[in-house]
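Asks: Task: produce atomic coordinates for the following.
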Amino acid sequence: MSTRPAKPGPGTPAPGKLALPELLAMKQRGEKIVMVTAYDAPGGRLADSAGVDIVLVGDSAAMVVLGHDSTVPASMDEMLMLTRAVTRGARRPLVVADLPFGSFQVSDEAALENAIRFAKEAGADAVKLEGGRPVLSRVRSIVDAGIPVMGHIGLTPQSATALGVFKAQGRTAGQARRLFDNALSLERAGCFAVVLEAVPSVVADRVTEALSIPTIGIGAGAGTDGQVLVFHDLLGLYEGRSPRFVKRYADLAPEIRGALQTYADDVRSGRFPEEQHTYSMPDDEAEEFAGVLAEHAREHQ
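Replies: This is a model prediction of the structure:
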């Protein structure tokens, strides 16, 4: 029988890992929760070392990593691969995996099966899914199986792509009321947190006050319990026009492009590699090797 400790199950924090109750305590203490997306082991490791609380393996990977025009093409196999990579790098943060389009819409059974795959095959601590009332039974089935669920309402990119509506949500009193009700319903269904995307700040503030669970904002003002940004957006890796709510904390794309151009120039001009980048061989071994080659040449004359 193995004497190694059993790996913690979904929802059970490993030693040193941020636990779900701590997120609730942070909300109660008024401490802001920091969430960022990541899609590989280096990204997860850097987020961890920077003190990030939650790492989301977002289906935004379809756009910023895989080159698609929307989040919809992201597949379960792709998201599982990316999540496995992130969990190898991120040790302390809570790792949340996005359930991609088509992985939970069909039925409660399909949603639960795919959530289990994220927990079992990729080591995710929790999953996230988009939507309000239509997905409540999905949330309940996953939570009842012991897998934590993060909700996501407001602008939901999966459905926005299908409907062609990429704009702020909840800007009328009726829309705001529906969003408010959806947030309360997600909490009652068992979500441990809710993402509010592209929502007027006054609406996000009222939702945050009404919920006992944390809210994570992206384009929802400063009153939410935490904030999330896409890794490539905040680092300036994804060029082109950014959404209004994005703040770039670095502009790395020109730096990376410049480094690659310098490398290409060095290779073509012969400046790289230099002696310091080259391995040497002891003189006696080099002499013996030359003899071996000479013998080889004589044998094949």
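
Asks: helix or strand for Asn114, which one?
Replies: Counting by DSSP states H and E, the element that carries Asn114 is helix 108-122.

Asks: mind listing what's buried in that helix?
Replies: Along helix 108-122, these residues count as buried under the neighbour rule (16 or more other CB atoms under 10 Å): Asp108, Ala110, Ala111, Leu112, Glu113, Asn114, Ala115, Ile116, Arg117, Phe118, Ala119, Ala122. Yep, even glycine has a C-beta here, placed from its N, CA and C like the rest.

Asks: residue contacts, the third one?
Replies: Listed by CB atoms under 8 Å, 6 or more residues apart in numbering, the contact set of Ala111 reads Leu99, Ser103, Phe104, Leu129, Val135, Arg138, Ser141, Ile142.

Asks: Counting neighbours, which of these comes out on top?
Replies: Ranked by neighbour count (other CB atoms under 10 Å), the contacts of Ala111 have Ile142 at the top, with 31 neighbours.

Asks: now that residue, what's its secondary structure?
Replies: Ile142 carries the three-state label helix when classified by DSSP: H, G, I helix; E, B strand; the rest coil.

Asks: Quick check: closest non-adjacent residue to it.
Replies: The shortest distance from Ile142 to any residue other than its chain neighbours is 4.5 Å, reached at Ala115 (CB to CB, 6 or more residues apart in numbering).

Asks: residues touching that neighbour, list them.
Replies: Taking CB under 8 Å, 6+ apart as the definition of contact, the neighbours of Ala115 are Leu99, Phe104, Val127, Ile142, Ala145, Ile147, Val149.

Asks: do you know how far it is from Met150?
Replies: Counting by CB to CB, to the nearest Å, the separation of Ala115 from Met150 is 11 Å.

Asks: ditto for Glu275
Replies: When distances are taken as CB to CB, Glu275 and Met150 turn out to be 53 Å apart.

Asks: Name the residue in the two with the higher neighbour count.
Replies: Set side by side, Glu275 and Met150 give different neighbour counts by other CB under 10 Å, the larger being at Met150 (25 against 6).

Asks: and of the contacts of Ala111, the nearest to Val72?
Replies: Closest to Val72 out of those is Ser103 (11.4 Å), distances taken as CB to CB.

Asks: and His296, how many neighbours?
Replies: For His296, the neighbour count with other CB under 10 Å is 9.

Asks: Also Lys27?
Replies: Using other CB under 10 Å, Lys27 is surrounded by 21 other residues.

Asks: Check what pLDDT it gets.
Replies: Reported pLDDT at Lys27 in the predicted model: 98.

Asks: any idea how far Ala62 is from it?
Replies: As defined by CB to CB, Lys27 lies at a distance of 31 Å from Ala62.

Asks: just Arg88 next, same as before
Replies: Plainly put, Arg88 is 21 Å away from Ala62 if you go by CB to CB.

Asks: cool, Tyr238 as well?
Replies: In this structure, Tyr238 and Ala62 are 12 Å apart, going by CB to CB.

Asks: buried ones in the helix or strand harbouring His232?
Replies: Using DSSP H and E, the element containing His232 is helix 231-234. For helix 231-234, the buried set under the neighbour-count rule, 16+ other CB under 10 Å, comprises Phe231, His232, Asp233, Leu234.

Asks: now swap in stretch 28-42 and tell me
Replies: Taking 16+ other CB under 10 Å as the neighbour-count basis, stretch 28-42 is seen to contain the buried residues Ile33, Val34, Met35, Val36, Thr37, Ala38, Tyr39, Asp40, Ala41.

Asks: Ile195 falls within a strand, correct?
Replies: Residue 195: Val, not Ile. Yes: counting by three-state DSSP, one finds Val195 located in a strand.

Asks: how about the closest residue to it other than its chain neighbours, secondary structure?
Replies: On the basis of CB to CB, 6+ apart, the spatially nearest residue to Val195 that is not a chain neighbour turns out to be His152, at 4.2 Å. The three-state label for His152, taken from three-state DSSP, comes out as strand.

Asks: Could I get the phi/psi values of the spatially most central residue of the chain?
Replies: A centroid search over the chain (CA atoms, centre = their mean) returns Val57, at 2.2 Å, as the residue closest to the centre. Torsion angles at Val57 (phi, psi; degrees, to the nearest 10) stand at phi -90, psi 90.

Asks: ok, now Ile33?
Replies: The phi and psi torsions at Ile33 (degrees, to the nearest 10) take the values phi -100, psi 130.

Asks: isn't it right next to Gly51, touching?
Replies: No: under the contact definition of CB atoms under 8 Å, Ile33 does not touch Gly51, with a separation of 11.6 Å.
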